[in-house]
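Peer 1: everything below, folded, please.
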Amino acid sequence: MLDDESDKKLDRVSIFLTIEEAKQLQSYLNKLLDSPEMQHAHLSSNDYQKDITICLYDNKNFINLHPRAIKLIKEDK
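Peer 2: Numbering: from 1, shown residues only. From the prediction side, this is the model:
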């Protein structure tokens, strides 16, 4: 997990979602699982002030991610 603003890894987070946001997250996860080429999706609050990027990767495709994500995955830093 990465805080995009501070560029620091996160070890613990709490996510508070409305029912609508949780359903949208579920839909995005299903789409990502069904279509791995999508690779990521963005879950935004209704006012677009908050955003969660959901990214699926495996040992084959994570090398296609941006360098910061690769470092986080490989080194947990």
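Peer 1: now the closest residue to residue 64 other than its chain neighbours: how far from residue 45?
Peer 2: Ranked by Cβ to Cβ, 6 or more residues apart in numbering and with sequence neighbours excluded, the top spatial neighbour of residue 64 is residue 39, at 7.3 Å. The C-beta positions use only the backbone N, C-alpha and C, and glycine is treated the same way. Applying Cβ to Cβ, to the nearest Å, the value for residue 39 to residue 45 is 22 Å.
Peer 1: if you count what's nearby, which of the two comes out ahead?
Peer 2: residue 39 (15 against 12; other Cβ atoms under 10 Å).
Peer 1: tell me who's in contact with residue 12.
Peer 2: The contact partners of residue 12, by Cβ atoms under 8 Å, 6 or more residues apart in numbering, come to none.
Peer 1: spatially central residue for this protein, please.
Peer 2: residue 54 (2.2 Å; Cα atoms, centre = their mean).
Peer 1: what strands line up against the host helix or strand of that one, and which way round?
Peer 2: Taking DSSP states H and E as the definition, one finds residue 54 inside strand 51-55. The pairing partners recorded for strand 51-55 under DSSP bridges are strand 40-44 (antiparallel).
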